[in-house]
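# Generate a structure from the sequence data that follows.
(chains A and B)
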Amino acid sequence: MKLKTEQHGTITVVKLCENRLDAALSVRFKEAMRDIVDSGANDIVLDLGDVAFMDSSGLGAVVAVMKHMGREKTFCIAALTPSVDKVFKLTRMDNVFNILGSPKDAISTDIAATS
Amino acid sequence: MLYITDIKSRQSAVTSVVAEVEARLNATNLGSDLVGEVCLILAEALNNVVKHAYRHAQDGDINIKVSLVDQWVTISIDDFGPEFNIPTAKAIPSPDPEDFGSLPEGGFGWSLIQLLTDRINLQRVNNRNHLELTKKIVCPRM
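Below is the predicted model of the structure:
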């Protein structure tokens, strides 16, 4: 599994460079994300733009990451493809996530807020 | 028949089957929305077999058939695990963003299948569970 991280000021953009986030990948994904959170990332944007398919195990892993970060840290998901977006909507989880069109949306807001 | 295969109860095998069915459906004129929904139904149903029928044992047999006939896609899955019943369909509750700790991390599988399929038929035949999931296809207008 490949995760690419980029730091933009206080924001860590994590891109999941995989075509599928399914039951075969969900445990490894969750563990790798926890490592990133535990190593000090307090403001994470998860870029799911490469993910064309996600099942409910993948969704569960993303929920687990958000819960692991807790309320004090900021977690957004970005660049959902249509079929991934559908899984969030069908399970009504779109109500609890901050969903951005693009990771750039978070970065530009952050620059505007600090300048 | 679109695809017939037999796999062992491993998550990596489920990934391969879903990818293969996706490729074959993409070669039809179904449209990417429907292809995505059929693949989600298939993945959720197979994940259930791996998790519940075989409890993550890696050597359970699963027989899979996917057909596309007229306006219907039918997924049929046979496993040799214990008899089970499909949970009663119930609406997915709206998660409470204020109650962070209790957000569900699973349990969506059957709800998603029920939301996305038109007909679900489960039969116990000798020592196997025979599950048939049927979805009506409304093709995008050409």
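# Setting aside sequence neighbours, what's the nearest residue to B:K136?
B:D118 (4.8 Å; CB to CB, 6 or more residues apart in numbering or on different chains). For the C-beta atoms, the positions are set from N, CA and C on the backbone; glycine is no exception.
# Can you give me the pLDDT of that neighbour?
B:D118 carries a pLDDT value of 97.
# Distance of it relative to B:G109?
18 Å (CB to CB, to the nearest Å).
# which one of these two has more residues nearby?
Taking other CB atoms under 10 Å in any protein chain shown, B:D118 and B:G109 do not tie; B:G109 has more neighbours (23 against 11).
# Quick check: that one touching B:N47?
Yes: applying CB atoms under 8 Å as the test, B:G109 and B:N47 come out as touching, 6.2 Å apart.
# Residues that sit against both of these two, list them.
Listed contacts common to B:G109 and B:N47 are A:S56; contacts here mean CB atoms under 8 Å, 6 or more residues apart in numbering or on different chains.
# which helices and strands does the longest helix anywhere in chain A pack with?
Looking across chain A with DSSP state H, the single longest helix is helix A:23-38. In terms of contacts (3 or more CB pairs under 8 Å, 6 or more residues apart in numbering or on different chains; DSSP states H and E), helix A:23-38 is packed against strand A:3-8, strand A:11-16, strand A:43-47, helix A:56-69, helix B:11-26.
# got the angle for it vs strand A:43-47?
Computed with axes from the mean of the first three to the mean of the last three CA atoms, to 10 degrees, the direction of helix A:23-38 lies at 150 degrees from that of strand A:43-47.
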